[in-house]
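**Q** Test case, fold it:
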Amino acid sequence: TSIMRSAVSRLVGMMEGVLSSNMLKTGKFQLVPETFDVKALIDDLCREHEDLSDVPFMRREFINVPDFIYIDRKAMTLILGNLIANAVKFSRENPQIGIQATVQDNSIKIMVEDNGIGVPAAEINNIFTRYYRASTASGTPGTGIGLNLVKDLVEMQDGRILFESREGFGAKLTVVLPLQNDEGDS
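**A** The predicted structure is shown next:
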């Protein structure tokens, strides 16, 4: 049953990614900020992947993260879901995955780091291209839409994303998003 749940979860995630990506490309994806607990969201996503994979535990660290933030929850869920899923998917034996969230200067910075297969240096500039899959990803299921979707969602919110990797030593993705106050100001 764990294998079936994992397969269903992966399929649902791919479908959500494709639908959201298409909505973004056609201008139909609207940001709707709301107040929610981002720490609980990160914990829930980590627990879901821990339950469905061979990753026994993902380190979580929260620095200056308030109980509630005001940002688009759906976009944040898609961003975090994709980054965590990639860290899990491209991990090796004895996976080490860490998520760190920091709130500073009215922005939230989230880093997702793994000790997985990594990406060859010559391919790093292509990693956010739609349908692109690194040569190290061959044999691993995926659509090549996830990181492109993440980049689009981050840029749509005037944020930035940074990707660092060494082949054979894992990857680190850092997303920085401006927080809004609940009066709607950026």
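**Q** Quick check: chain neighbours aside, which residue is closest to the residue most central in space within the chain?
**A** In the chain, the residue lying closest to the centroid (CA atoms, centre = their mean) is L83, at 2.4 Å. Nearest residue to L83 in three dimensions, chain neighbours excluded: V112, at 4.2 Å (CB to CB, 6 or more residues apart in numbering). All C-beta spots, glycine's among them, are computed from the backbone N, C-alpha and C.
**Q** go on, R166?
**A** G118 (5.3 Å).
**Q** same deal with I69?
**A** Distances taken as CB to CB, 6+ apart put V38 closest to I69, at 5.1 Å, once the chain neighbours are dropped.
**Q** can you count the residues close to that neighbour?
**A** Per other CB atoms under 10 Å, the neighbour tally for V38 reads 23.
**Q** P178 too?
**A** 14.
**Q** Skipping adjacent residues, who's closest to P120 in space?
**A** E167 (4.7 Å).
**Q** Quick check, pLDDT for the residue nearest to the centre of the chain.
**A** Here, the pLDDT recorded for L83 equals 94.
**Q** Whichever strand or helix holds it: what's the following helix or strand?
**A** Assigned by DSSP states H and E, L83 falls within helix 73-89. Scanning forward in sequence from helix 73-89 by DSSP H and E, the next helix or strand is strand 97-104.
**Q** Just list whatever residues bridge to K109.
**A** With DSSP bridges as the criterion, K109 is bridged to T102, V176.
**Q** Hmm, A75 and M156 touching each other?
**A** Yes. In terms of CB atoms under 8 Å, M156 counts as a neighbour of A75; the distance is 7.4 Å.
**Q** The two: who's more crowded?
**A** Set side by side, M156 and A75 show more neighbours around A75, with 25 against 14, by other CB under 10 Å.
**Q** Need the residues touching each of M156 and A75.
**A** Here M156 and A75 have L31 as joint contacts, going by CB atoms under 8 Å, 6 or more residues apart in numbering.
**Q** In stretch 169-180, which of the residues would be classed as buried?
**A** G170, A171, K172, L173, T174, V175, V176, L177, L179, Q180 (16 or more other CB atoms under 10 Å).
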